[in-house]
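> here is a sequence together with a model predicted from it:
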Amino acid sequence: MKQKFFHYIQELQDTITSQLEQADGKAKFREDLWDRPGGGGGRTRVIENGDVFEKGGVNISRVFGKLPETMQNYFGVEGADFFACGLSLVLHPRNPFVPTVHANWRYFEMYDKDGNVADCWFGGGQDLTPYYLFDEDAGHFHQVCKSACDKHDPSFYNDFKKKCDNYFWNTHRNEARGVGGLFFDYCKPSEKMAVEDWYGFVTEVGNSFLEAYLPIVLRRKDLPYSEEHRNWQEIRRGRYVEFNLVHDKGTLFGLKTNGRIESILMSLPPRVQWVYDHHPEKGSEEEKLLHVLKAPKSWV
């Protein structure tokens, strides 16, 4: 399974980066191949200063070796080896009316002292972070997520949407990072879902990403915007940074397993503001977004 899934994310990275380059029309992805001390490595692709994408990354990694002591304590194991591979992407568009998007699909194995697979699971999801709220965009994104889920289990969308709303919650701000999507983790083989079934579901979601996001990009990328719109975008990007550095498990896992720092922090936007005690004008589109972020909403 680990070889099968790694092959899948290699191909998915190629598909996503080629279509994003086409949508941008100017910038191309820069590729870095890197090795991880202790085992494994990855292929990082970053796009910057495009007509559409101000900064973004679509990264794959395949890492293995001794599970660091901090992670052994987290999982309650001793002397374990691990294998992890996944694709992680974040895109920060230039136009404030185009939302930031994040997605991740991953597979993890843990081994006993004899090298046998002691545990394995899939995880991942995709979520949308707008700066200006268009209900039809959020509805489209969630509808694609629901359609992918419904092909495998009618309960998946509601369950994984709720987990997404709970996970991407900036507790120190008491607000959501965005309008959510899907989040799932520790998807393990069981009587109901074999490991092949989970593979089918996770790849279904991965294959749906471009359908969920690109139509929104194409619909909004040429809308005119002002400096005030950009200022609001950069203030909201600050909240994005706060979540990733304070709460995000993927970021923390990468840092605790001696991951490649440039790849881990590629999710951070290039231009950000933190304005003291900032409040948008009452009745404004900016305030409308904040109201929605105070409580999860049903989009489909």
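Yep, that arrived.
> CA only for contacts and neighbour counts going forward, please
OK.
> so where does the closest residue to Asn207 other than its chain neighbours fall, helix or strand?
The shortest distance from Asn207 to any non-neighbouring residue, by CA to CA, 6 or more residues apart in numbering, is to Leu12 (7.6 Å). Using DSSP states H and E, Leu12 falls within helix 2-24.
> which element follows that helix toward the C-terminus?
Stepping forward along the backbone from helix 2-24, the first helix or strand reached (DSSP H and E) is strand 30-35.
> so Met266 makes contact with Gly57?
Yes: under the criterion of CA atoms under 8 Å, Met266 makes contact with Gly57 at 6.3 Å.
> SS state for the spatially closest residue to Gly40 that is not a sequence neighbour?
With CA to CA, 6+ apart as the criterion, Gly40 has its nearest non-adjacent residue at 4.2 Å, and that residue is Val63. Look at Val63: counting by DSSP: H, G, I helix; E, B strand; the rest coil, its state is strand.
> do the same with Gly42
At Gly42, secondary structure determined by three-state DSSP is strand.
> doesn't Ala84 make contact with it?
No: in this structure Gly42 lies outside contact range of Ala84 using CA under 8 Å: 11.1 Å.
> contacts for the lowest-mean-pLDDT helix or strand in the chain, please.
Counting by mean pLDDT, DSSP states H and E, the weakest-scoring helix or strand in the chain turns out to be helix 69-75, with a mean of 75. Applying CA atoms under 8 Å, 6 or more residues apart in numbering, the contact partners of helix 69-75 are Glu78, Gly79, Ala80, Lys256, Thr257.
> which one of those is nearest to Asp197?
Closest approach between those and Asp197, by CA to CA: Ala80, at 26.1 Å.
> what count of nearby residues applies to the closest one?
By other CA atoms under 10 Å, 21 other residues sit near Ala80.
> quick one, grab the pLDDT at it.
pLDDT recorded at Ala80 is 81.
> any idea where the strands of the stretch 101-250 of the chain begin and end?
For the stretch 101-250 of the chain, strands defined by DSSP state E, counting those that start in this stretch occupy the ranges 117-129, 169-170, 175-176, 180-187.
> coming back round to it: isn't the residue nearest to Gly40 right up against Arg36?
Yes: in this structure, Val63 is within contact of Arg36 by CA under 8 Å, at 7.1 Å.
> low-confidence ranges in the stretch 201-300 of the chain?
Within the stretch 201-300 of the chain, not a single segment meets pLDDT under 70.
> please enumerate the helices of it.
For the stretch 201-300 of the chain, helices defined by DSSP state H, counting those that start in this stretch occupy the ranges 227-246, 249-256, 261-264, 285-293.
> pick the most deeply packed of those helices.
Of all the helices of the stretch 201-300 of the chain, helix 227-246 has the most neighbours on average by mean count of other CA atoms under 10 Å, namely a mean of 18.
> who's in contact with that one?
Residues from elsewhere that reach helix 227-246, judged by CA under 8 Å, 6+ apart: 95-96, 131, 168-170, 177, 251-252, 268-269, 271-275, 286.
> just want the angle from it to helix 249-256.
In terms of direction (axes from the mean of the first three to the mean of the last three CA atoms, to 10 degrees), helix 227-246 departs from helix 249-256 by 60 degrees.
> helix 227-246 to helix 285-293, inter-axis angle?
Put simply, helix 227-246 runs at 30 degrees to helix 285-293, going by the same axes, to 10 degrees.
> take helix 227-246, keep the C-alpha atoms, and write them as CSV.
Output of helix 227-246 as CSV, limited to C-alpha atoms (Å, rounded to 0.1, in the frame of the first residue of the first chain):
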residue,chain,number,x,y,z
GLU,A,227,-5.6,48.6,-1.7
GLU,A,228,-8.2,48.4,1.1
HIS,A,229,-9.2,44.9,-0.2
ARG,A,230,-5.5,43.9,-0.1
ASN,A,231,-5.0,45.2,3.4
TRP,A,232,-7.9,43.1,4.6
GLN,A,233,-6.5,40.1,2.8
GLU,A,234,-3.2,40.5,4.5
ILE,A,235,-4.8,41.0,8.0
ARG,A,236,-6.8,37.8,7.5
ARG,A,237,-3.6,36.0,6.3
GLY,A,238,-2.2,36.8,9.7
ARG,A,239,-4.9,34.6,11.2
TYR,A,240,-3.9,31.8,8.8
VAL,A,241,-0.3,32.1,10.0
GLU,A,242,-1.4,31.9,13.6
PHE,A,243,-3.3,28.7,13.1
ASN,A,244,-0.5,27.0,11.2
LEU,A,245,2.2,27.8,13.8
VAL,A,246,0.1,27.3,16.9
